[in-house]
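> Based on what follows, work out the 3D shape:
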Amino acid sequence: MGKEIEKKDFQLEDNHINALQEISNIGAGNALTALCKLLHRNIVMSLPSISLVDFKEASDFLGGSEKVMLGILSNVHSDHVDGIIMFLLDLNHAKTLICSVLGREFSEDFELGELELSAITEVGNILNSSYLNAISALLDERLVSSIPHVSIDMAAAILSVPAIEFGKVSDESLLIKNTFELEEKNIDGYFLFVPDVDSFKFVFSSLGLS
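The predicted structure is shown next:
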């Protein structure tokens, strides 16, 4: 991000949470449409659940600090918004999704090579973009994301990236959980959207919220 920003007081109220929930609903709809087109099949997705979590507790929401996850991260920028968006999956759920994209039979044992990682990165990029498009439309603000970066590690290690980057401006992150059914399995996907404090204020100001 480059610039040093001091932490600022900013308290999320119920109306803020309701607005974020609405953004999440629209983003989930966009993501579902994109995923159906990508996989050429109908997919059932539950309504997203939204949580505002402390960075120190975020890994608990993902199943524990030592749970192996696959994360796809992009930086997000616009004239008024700076932050990151990350799509997170349990590693075996990620493999289920990869197999569907590549038309393979699922196996927990298969190795993730360049082709497999490229496929899941593209999926994550499409889903992240779906959420960003929902936010962009509501704010009338063009959000630009960087080339996505994929990583596989324990939840605590993956979440340390946004915690280090944004811990200086905020103690909390927005965690959105989506569950969708694929190959007769429920797959939990998590979107982590972490704007800086000024960006949060711009979002709510644009939505007519103080």
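> Only C-alpha atoms from now on, for both contacts and neighbour counts.
Fine.
> Can you name the residues that contact the residue nearest to Glu141 when sequence neighbours are not counted?
Among residues not flanking Glu141 along the chain, Ser78 sits closest, at 7.2 Å (Cα to Cα, 6 or more residues apart in numbering). For Ser78, the contact set (Cα atoms under 8 Å, 6 or more residues apart in numbering) comprises 141-144.
> which pair in these spans the largest distance?
Maximum pairwise distance in the contacts of Ser78, criterion Cα to Cα, is 9.6 Å, between Glu141 and Val144.
> quick one: the strands in the chain?
44-45, 49-54, 68-77, 82-90, 144-145, 149-154, 172-182, 185-195 (DSSP state E).
> gap between Phe55 and Phe200?
As judged by Cα to Cα, to the nearest Å, Phe55 and Phe200 stand 16 Å apart.
> Can you tell me, leaving aside adjacent residues, what's nearest to the residue located most distally from the centre of the chain?
What lies farthest from the middle of the chain is Glu105; by Cα atoms, centre = their mean that is 26.5 Å. If the residues on either side of it in the chain are set aside, Glu105 comes closest to Cys99, at 6.2 Å by Cα to Cα, 6+ apart.
> Check the gap between that neighbour and Arg142 for me.
33 Å.
> follow-up on the earlier one: I'd say the residue farthest from the centre of the chain and Leu97 touch.
No. The criterion here is Cα atoms under 8 Å, and Glu105 misses it with Leu97 at 10.8 Å.
> ok, back up a step: in terms of neighbours, single out the busier of Cys99 and Arg142.
Counted by other Cα atoms under 10 Å, Cys99 and Arg142 do not tie: Cys99 has more neighbours, with 19 against 16.
> and that one, what pLDDT?
Listed pLDDT for Cys99 reads 86.
> so it touches Glu108, yeah?
No. Look at Cys99 against Glu108 with Cα under 8 Å: they stay out of range, at 10.3 Å.
> For Ser136, grab the count of nearby residues.
18.
> Oh, that last question was meant for Gly64, not what I typed.
By the measure other Cα under 10 Å, the count of residues near Gly64 is 14.
> for this structure, what spans make up the helices?
For the chain, the helices defined by DSSP state H cover 14-39, 58-61, 91-102, 114-139, 155-166, 197-206.
> CA atoms only: put the third one into CSV for me.
What that stands for is helix 91-102. Extracted in CSV, the C-alpha atoms of helix 91-102 (Å, rounded to 0.1, in the frame of the first residue of the first chain):
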residue,chain,number,x,y,z
LEU,A,91,-7.8,-27.4,0.5
ASN,A,92,-10.0,-30.5,-0.2
HIS,A,93,-12.9,-28.2,-1.2
ALA,A,94,-10.5,-26.5,-3.6
LYS,A,95,-9.6,-29.8,-5.1
THR,A,96,-13.3,-30.6,-5.6
LEU,A,97,-13.7,-27.3,-7.4
ILE,A,98,-10.5,-27.9,-9.5
CYS,A,99,-11.7,-31.3,-10.6
SER,A,100,-15.0,-29.9,-11.7
VAL,A,101,-13.3,-27.2,-13.7
LEU,A,102,-11.0,-29.6,-15.4
